[in-house]
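Colleague: Below is the sequence, then the predicted model.
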Amino acid sequence: MRAVLVQISQTPGIHAPGGRPEWLRAPAPVGQNYRELKNLVSRLGLHTVCESAACPNVGECWNRRTATFMILGNVCTRRCGFCAVQKGAPLPVDYDEPRRVAEACAALNLRYAVITSVNRDDRKDGGAELFALTIQAIRQKIPGCKVEVLIPDFQGSHEAIDIVMQAHPDVLNHNTETVPRLYKQVRLGARYTRSLDVLRYAKQIRPHTPTKSGLMLGLGETRDEVLVVMRDLRDHHVDILTLGQYLRPSPKHLPLIEYITPEQFSAYREAGIRMGFAHVEAGPLVRSSYHADSGEESATLSAARIA
């Protein structure tokens, strides 16, 4: 891959601790659509990453009647230092969950659904079977609805990735989350090279399915380290990139080192487009499934041109 020369400002962001900058103030989670979606999720006994991971965009997204459903329970088998999702002994797999997710998508009249999960290292397939069943249930309930899946690394199992990809998701998303130097602190139980291999293998077996990955910034990474990860992702033919600000969920989680400025996010976005990503979402409040349908459309058009 030809090197891309980029200039990212070396002017530091706002170092934490300190008051949260104005650009990180999200709308409060209120409104009729928000209340209706909250009641729907509760009635169907579902989980969303919006609530479980304390996403700052929950008010905006739920009022737009969009949500990211989290399957396989809400208890994770890993103890990543950044994540607000509950950790501990996993819940039994609920094979009725795919049906209820599809029912929720139908009630919301979705044309684009995003499905993610906790890590399920207790299962041989990492939960891949339930991803496939959920994709199938949504397609049966709402023909034409597109489905993006944000998968864990399945401990590197190609067989698990096969199971998911055979269900034909419209986008395969797996987050690298941070730079290699910080993996031992940020992503316990994960490996950078393993995450790259997940993305490589998914693209290898279904070349025309857009792949996607994301990083959270502000954990102490350098500008050069971020650019190296971006180049690695492009070298593995990743189509869509998301970059957002890490926000510390509680004092028990990893400390926030730096607030990245909107100008720096804009520079990263420009660098990503020049590297060849079909779509880049970069900003303080960006999360992995933020405006996901826009990224899928751009990546699909790009794949069609290449084909």
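Modeller: Nice, I can see it.

Colleague: all contacts plus neighbour counts: C-alpha atoms, from now on.
Modeller: Will do.

Colleague: Would you state the strands of the stretch 101-250 of the chain in chain order?
Modeller: For the stretch 101-250 of the chain, applying DSSP state E, counting those that start in this stretch gives strands covering 112-117, 146-150, 171-173, 211-217, 240-245.

Colleague: Can you name every helix or strand that the third one contacts?
Modeller: Secondary-structure packing of strand 171-173 (3 or more Cα pairs under 8 Å, 6 or more residues apart in numbering; DSSP states H and E): strand 146-150, strand 211-217.

Colleague: for those strands, which one ends up most surrounded?
Modeller: Compared across the helices and strands packed on strand 171-173, strand 211-217 shows the largest average neighbour count, a mean of 26 (mean count of other Cα atoms under 10 Å).

Colleague: what bits of this protein have low per-residue confidence?
Modeller: Applying pLDDT under 70 to the chain flags the ranges 1-18, 25-34, 49-67, 290-307.

Colleague: So T134 is in contact with R100, correct?
Modeller: No - when contacts are counted by Cα atoms under 8 Å, T134 is not listed as touching R100 (9.1 Å).

Colleague: Comparing those two, which shows the higher neighbour count?
Modeller: A count of neighbours by other Cα atoms under 10 Å puts T134 above the other of T134 and R100, at 26 against 19.

Colleague: residues contacting the more buried one?
Modeller: Counting by Cα atoms under 8 Å, 6 or more residues apart in numbering, T134 touches 97-99, 101-102.

Colleague: Which of the residues you listed sits closest to Q264?
Modeller: Nearest to Q264, judged by Cα to Cα, of these is V101 at 37.2 Å.

Colleague: show me where the stretch 101-250 of the chain has helices.
Modeller: Remark: helices assigned in the stretch 101-250 of the chain by DSSP state H, counting those that start in this stretch are 128-141, 158-165, 183-186, 192-205, 223-235.

Colleague: Contacts for the shortest one, please.
Modeller: Read that as helix 183-186. Under the criterion Cα under 8 Å, 6+ apart, residues 80-82, 178, 190-192, 254 lie in contact with helix 183-186.

Colleague: any chance of the residues you listed in a markdown table, with neighbour count and distance to V147 too?
Modeller: Shown next, in a markdown table, are these (neighbours: other Cα atoms under 10 Å; distance: Cα to Cα, whole Å):
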| residue | neighbour count | distance to V147 |
| --- | --- | --- |
| C80 | 20 | 26 |
| G81 | 18 | 29 |
| F82 | 24 | 26 |
| T178 | 23 | 25 |
| A190 | 19 | 25 |
| R191 | 17 | 26 |
| Y192 | 18 | 26 |
| L254 | 18 | 32 |
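
Colleague: how about JSON lines for those, with distance to G127 added?
Modeller: Output for the contacts of helix 183-186, formatted as JSON lines (distance: Cα to Cα, whole Å):
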{"residue": "C80", "distance to G127": "18"}
{"residue": "G81", "distance to G127": "22"}
{"residue": "F82", "distance to G127": "22"}
{"residue": "T178", "distance to G127": "23"}
{"residue": "A190", "distance to G127": "16"}
{"residue": "R191", "distance to G127": "19"}
{"residue": "Y192", "distance to G127": "21"}
{"residue": "L254", "distance to G127": "27"}
